[in-house]
Structure formats: C-alpha cells, structure tokens
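**Q** Build me a structure from this.
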Amino acid sequence: ADKVAVSVGLYYMSNALGRLVGTVGSGLLFTYVGNDLGEFAGHDGTIGLAACFLAGTFSSLIAAFITLWIEDEDSGLKCGSCCTLVGSKETIIDDDEI
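**A** Reported below is the predicted structural model:
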C-alpha cells in the first residue's frame, strides 16, 4: 500500500513539474526563436511553433529512453487487484523443499 502511495505521489509530482517546465520552455521558445519582423509585428510565430514541436519531440524521446533503465521487476506489473501482466521475481518454495 505504501508503494502505491509513493508511486502515485511521484506521478503527480513529475506530471506537475513536467507541465511547468514545458509551459515555461515552450513560451520562451515561441517568444525568442524566429526572425524579428519589426517593432509592431514581433517574431515569426511559425518558426517559434515549429521549435516548440521539435523540443516536445526531443523531450518525449528522452523520457522514453530514460524509462528503459527503470527496474521494478521485484513486485511485478499489476493492472488492478485481479490482473497481473508480469509476474514478480519472488521465488516460490514448495512444502517439499523445506
């Protein structure tokens, strides 16, 4: 039960931090990337939007690459209380072996 609480807390914390970094980062990229079109026109929005999409793609690839190193096979992968997708690494000892 504690592991579930920690996992949920980590999920919400990382989600909030990711949204904050993504919002600030994309705002900076959109604002400062591109050609300056003059005092009244500002910057080229198309290039800024493209930079935001490119940064989002790189961020997703980095996150997918990082998840390859997550090792949580000790307790298995469960989907709810009734369905186990990947069994745990615990060894089962028969009564005959004792």
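**Q** Low-confidence stretches in this structure?
**A** 1, 41-42, 71-98 (pLDDT under 70).
**Q** got the residue ranges for the strands in it?
**A** Per DSSP state E, the chain carries strands over the ranges 77-79, 83-86.
**Q** which residue sits closest to Asp36 in space, ignoring its chain neighbours?
**A** Counting by Cβ to Cβ, 6 or more residues apart in numbering, Asp36 lies nearest to His43, which is 5.8 Å off, once chain neighbours are set aside. To be clear about C-beta, it is placed using only N, CA and C from the backbone, and glycine gets the same treatment.
**Q** okay, now that neighbour: neighbour count?
**A** 16 (other Cβ atoms under 10 Å).
**Q** Go ahead and confirm it touches Asn35.
**A** Yes. Taking contacts as Cβ atoms under 8 Å, His43 lies within contact range of Asn35: 6.8 Å.
**Q** which ones are touching the residue nearest to Gly25 when sequence neighbours are not counted?
**A** What sits nearest to Gly25 in space, not counting adjacent residues and going by Cβ to Cβ, 6+ apart, is Ala55, at 6.4 Å. Shown in contact with Ala55 (Cβ atoms under 8 Å, 6 or more residues apart in numbering): Gly25, Ser26, Leu29.
**Q** one more time with 10 Å
**A** Counting by Cβ atoms under 10 Å, 6 or more residues apart in numbering, Ala55 touches Gly22, Gly25, Ser26, Leu28, Leu29, Phe30, Val33.
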